[in-house]
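Undergrad: sequence unknown, structure follows:
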Ligand SMILES: [Zn+2]
């Protein structure tokens, strides 16, 4: 008969330790497996990681292992203390399946953390009949290890963006690596201030920062300032997606204001339900919507004029030559400034002010479209939406690193080479 201990020896075996006995717990809801040191092996000092002479043994501890067929599984072990000559102290031993801080075994923490990338933390806790706090601990353990062991290496391109994470205008600053071979979240900071963004450069250090070639950002002034200060040699590109988003916002403002005015003046509500007709690209409209849009465009409305300006602007992205793109941009701004539509004029002023940064997109041969940053940021928003129950900023920060950080996973402790390694299902 296949025994539980045989299975454990196959998937979770550690040199120097023996699974002694498996039995049901007193409640019959759990399985308890006692572990003891293999005879003739010495305990390892948890401070200097060297074998040391035994001193005494502590009371039995329970380490929670991966639940099995509906039973909670615990490893029971009495930790030894060693009298370590290197450390000149009595120190508790190091065990390969867990550590002194956590009740959960490393294997179970890896297991929970892996599920917490696919499910929300709440769902993960429910699915494995454990608590939200234990899922939190598991993710924290895995992310902390991953951040300590990741290599920054050479970073070619970064993108910085902000996301709103709570009611009342609370923002996070996110910095991504957007190299062609490597995209990942490098850093999360609270707020979107000069100080917070500087924090990123403190983490990566001047050496890595000085080698960054491209920086992608939106028009948020504190970001622009820090980029000028820290990456003066890099080509700074304004994010295309943000420019389009700003323009849509301006158009929406014009539409809402005009619709209200028409209602007030008792005119035919031409703009009713026109919001998405105007904000979506025409090619993405259904044929019925396209028909309605064409109808709307026949009227001489401020909204229509703003819409046509916005649509005309899209042509900018088709240029390849920075010179021609510049000519187009200048002409568009000139026309828009004569439009007498204030929200659009505001955009034109802003584009003029950031003209060089916009044209850098063409100087970079359009290599760094905002697509990458936008994609990563959408993932970040999905992570946050799933984050029902992230009551605190640290939990949110952890979950973002966990799903987007691309950090290395803790490798299983080495076990004798003829034994199978930690099974990947952990
Ligand atoms: Zn020691």
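TA: That came through, no problem. Just so it is clear, the model here is predicted, and its values are computed rather than measured.

Undergrad: Which secondary structure state does the residue in the stretch 151-300 of the chain that the ion sits nearest to sit in?
TA: The nearest approach of the stretch 151-300 of the chain to the ion comes at residue 151, 28.3 Å away (C-beta to the ion). Yep, even glycine has a C-beta here, placed from its N, CA and C like the rest. Under DSSP: H, G, I helix; E, B strand; the rest coil, residue 151 falls in the coil class.

Undergrad: and it, how far is that from residue 184?
TA: 11 Å (C-beta to C-beta, to the nearest Å).

Undergrad: Same drill for those two, tell me which one is more crowded.
TA: The neighbour count for residue 151 versus residue 184, taken as other C-beta atoms under 10 Å, is higher for residue 184 (15 against 6).

Undergrad: any idea which element residue 176 lies in?
TA: strand 170-178 (DSSP states H and E).

Undergrad: after that strand, next one along is what?
TA: Using DSSP H and E, the helix or strand that follows strand 170-178 in sequence is strand 183-190.

Undergrad: What helices and strands are in contact with that next one?
TA: strand 170-178, helix 194-210, helix 371-385, helix 393-404 (3 or more C-beta pairs under 8 Å, 6 or more residues apart in numbering; DSSP states H and E).

Undergrad: Check the gap between the residue nearest to residue 405 when sequence neighbours are not counted and residue 158 for me.
TA: Excluding the flanking residues, the one nearest residue 405 by C-beta to C-beta, 6 or more residues apart in numbering is residue 185, at 4.9 Å. Note on residue 185: its distance to residue 158, by C-beta to C-beta, is 11 Å.

Undergrad: Spit out the residues that contact those two alike.
TA: 175-176 (C-beta atoms under 8 Å, 6 or more residues apart in numbering).

Undergrad: In terms of neighbours, single out the busier of the two.
TA: Neighbour count, other C-beta under 10 Å: between residue 185 and residue 158, residue 158 has more, with 26 against 22.

Undergrad: if you count residues, which helix in the protein comes out on top?
TA: If you go by DSSP state H, the chain has its longest helix at helix 240-264.

Undergrad: Toward the C-terminus, what is the element adjacent to that one?
TA: helix 275-279.

Undergrad: what residues does this protein put near the ion?
TA: 45, 47-48, 84, 86-87 (C-beta under 5 Å from the ion).

Undergrad: can you put the residues you listed in a markdown table and add distance to residue 325 and secondary structure?
TA: Converted to a markdown table, the residues of the chain next to the ion look like this (distance: C-beta to C-beta, whole Å; DSSP: H, G, I helix; E, B strand; the rest coil):
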| residue | distance to residue 325 | secondary structure |
| --- | --- | --- |
| 45 | 65 | strand |
| 47 | 61 | coil |
| 48 | 62 | coil |
| 84 | 68 | strand |
| 86 | 66 | coil |
| 87 | 65 | coil |
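
Undergrad: Output the below-cut-off pLDDT ranges for the stretch 101-250 of the chain.
TA: Judged against pLDDT under 70, the low-scoring parts of the stretch 101-250 of the chain cover residues 168.

Undergrad: Tell me which residue of it lies closest to the ion.
TA: Nearest residue of the stretch 101-250 of the chain to the ion (C-beta to the ion) works out as residue 101 at 18.0 Å.

Undergrad: Now the buried members of the residues of the chain next to the ion.
TA: 45, 48, 84 (16 or more other C-beta atoms under 10 Å).

Undergrad: of those residues, closest to residue 136?
TA: residue 45 (29.7 Å; C-beta to C-beta).

Undergrad: Do you know the pLDDT at the closest one?
TA: We note a pLDDT of 95 for residue 45 in this prediction.

Undergrad: Just list the residues touching it, thanks.
TA: Shown in contact with residue 45 (C-beta under 8 Å, 6+ apart): 51-52, 82, 84, 86-87, 91, 93-94.

Undergrad: mind running it again at 6 Å?
TA: 52, 82, 84, 91 (C-beta atoms under 6 Å, 6 or more residues apart in numbering).

Undergrad: so the second one touches residue 52, yeah?
TA: Yes: taking contact to mean C-beta atoms under 6 Å, the distance of 3.7 Å between residue 82 and residue 52 places them in contact.

Undergrad: Checking residue 232 next. Helix, strand or coil?
TA: On the three-state scheme (three-state DSSP), residue 232 is labelled coil.

Undergrad: Can you give the contact residues for the helix or strand containing residue 111?
TA: Assigned by DSSP H and E, residue 111 belongs to helix 106-118. With C-beta under 6 Å, 6+ apart as the test, helix 106-118 has contacts from 12, 64-66, 97-98, 124, 135, 138-139, 141-142, 403, 426.

Undergrad: what's the answer for stretch 299-314, then?
TA: So stretch 299-314 is contacted by 247, 251, 254-255, 258, 270, 278, 297, 332, 336, 341, 344 (C-beta under 6 Å, 6+ apart).
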